[in-house]
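1. Model the structure of this input:
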Amino acid sequence: MLLVPSGDAAPQGFSRNDPIVLTGDTLEELRAFHALAYSSLGQQMPPCVHDGDLERMIAAGLFSHKYGMYSFRDFALRTIRDMGPKFAWDLLRMQTVHKLLRLTWLCGPERYNDPVTDEFAIRGFARTSWLARLPKHPSAKNFSAKLASAEQYDCRPLLGALYHLYLCHITASAPGSGSPPAPSATVFPDAGLAARHRTNLLAGYWSLTQCWSRFAQHVPKIVRLKACSRATHDPVCIDAWALAWAKAAAHADVRALQPVDVLRRLAAFRTVLGRLCGSRCMAAMLEDADPVAKYRRQLEDTLADHFLGPLVLPPADADTSSSLDLPPW
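-> I've put the predicted structure just below:
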């Protein structure tokens, strides 16, 4: 079952006096694997409800992967996935989060969309745990260390969230003094950041501001309800929808948020737009199609693209859409 070192010495494992030596493994990891192996035979596992249970499951998965026992590894991943929202991910220790990311990273990017183990969902759990521990005012040193870890595990959703969080922090406006600002140059903050991190932050700043500008200017089409006559819909509903869209984009609650904080702007925009919708067609548009909520979900899924550039997919799997394109209407 395990790889035994070869050589001139007597084979290991034939007696208690000459056991098999597992280099780089701990007794806890071996015990976790034994518990996983025997439980997987019956296809059942005690529910993981504590940090210790999750750590043992991750240790068993790492041990299984190291020795090529991928069926046991996948069983560990399925167990972790099934924990889902029942586990307090925001209370997880950072050391455990790193191990969880490493386990999914070892599986390779081709497994992230596997419907059986669903490593992408597991990475979402790790991302939730990671972001819950970030300070509200991260320093450049702290930010660089977190980015380096996320880059090590090739976790684009986490990288996008980290870049966006730090960008919103460094672009927050300082309290005004009441006098006009001096026409002096603005130096990029935190010069101690790595050059690639500064470049990615600048790219994200430009891309996200353009993203919001395009969203605010492109009004989605409104669908006419059967109960609404064309004579009423064309002159009233369409014009009212376009006017409400423009008013929501220019509303003080929306403009008070930073241009790069598009996610919060979209949430505020959606709230204001709901208050301004008066006709049945407009209300039905937000209830059924809800283009604002759809656009926000798409932005959350592709947030890393604004800082790192869109993923380059093989021609057969390439998608013609991009996070930098116009809104999908």
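2. Can you point out the buried residues in the helix or strand where W212 lies?
-> Following DSSP states H and E, one finds W212 within helix 195-217. Residues of helix 195-217 classed as buried by neighbour count (16 or more other C-beta atoms under 10 Å): 197-198, 200-201, 204-205, 207-209, 211-212, 215-216. To be clear about C-beta, it is placed using only N, CA and C from the backbone, and glycine gets the same treatment.
3. Which is the succeeding secondary structure element to that helix?
-> Immediately after helix 195-217, counting by DSSP H and E, sits helix 230-232.
4. quick one: average pLDDT of that next one?
-> Averaging pLDDT along helix 230-232 gives 72.
5. same thing with stretch 201-210?
-> Per-residue pLDDT over stretch 201-210 has a mean of 93.
6. Need the contact partners of that stretch.
-> 163-164, 166-167, 170-171, 188, 193, 259-260, 262, 306-307, 309, 324 (C-beta atoms under 8 Å, 6 or more residues apart in numbering).
7. ok, so of these, who is nearest M83?
-> Nearest to M83 among those, counting by C-beta to C-beta, is H164 at 26.7 Å.
8. right, and that closest one touches T302 too?
-> No. Look at H164 against T302 with C-beta atoms under 8 Å: they stay out of range, at 11.5 Å.
9. When the two are compared, which one has more neighbours?
-> Remark: of H164 and T302, H164 carries more neighbours, 23 against 19, as counted by other C-beta atoms under 10 Å.
10. Now do the contacts for that one.
-> With contact set as C-beta under 8 Å, 6+ apart, H164 has these partners: 204, 208, 260, 263, 303, 306-307.
11. Swap in 10 Å and give it another go.
-> Contact analysis of H164 by C-beta atoms under 10 Å, 6 or more residues apart in numbering lists 201, 204, 208, 260-263, 299-300, 303-304, 306-307.
12. How about Y153?
-> Y153 touches 98, 100-106, 123, 126, 159, counting by C-beta under 10 Å, 6+ apart.
13. Restricted to helices, list the residues you listed.
-> Among the contacts of Y153, the members found in helices (DSSP state H) are 98, 100-106, 123, 126, 159.
14. for those, which one is nearest A242?
-> When the ones in helices among the contacts of Y153 are compared against A242 (criterion: C-beta to C-beta), the nearest one is L159, at 37.0 Å.
15. which residues sit in contact with the closest one?
-> Contacts of L159 (C-beta under 10 Å, 6+ apart): 127, 146-147, 149-151, 153, 200, 303-304, 307-308.
16. Need the buried ones from these selected in PyMOL.
-> Selection of buried members from the contacts of L159 for PyMOL, criterion 16+ other C-beta under 10 Å:
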select buried, resi 127+146+147+149+150+151+153+200+303+304+307+308
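17. pLDDT-wise, what's the bottom of the contacts of L159?
-> Ranking those by pLDDT, R127 lands last with 74.
18. The residue lying closest to it once chain neighbours are set aside: how many residues sit nearby?
-> Leaving out its chain neighbours, the residue that sits closest to R127 by C-beta to C-beta, 6 or more residues apart in numbering is L158, at 4.7 Å. Each residue near L158 was counted by other C-beta under 10 Å, and the total is 25.
19. which residues touch L158?
-> 97, 101, 123-124, 126-128, 130-131, 146-147, 149-151, 304.
20. how close does L131 sit to V260?
-> L131 sits at a distance of 17 Å from V260 (criterion: C-beta to C-beta, to the nearest Å).
21. neighbour count winner among the two?
-> Using other C-beta under 10 Å, the more surrounded residue of L131 and V260 is V260, with 23 against 15.
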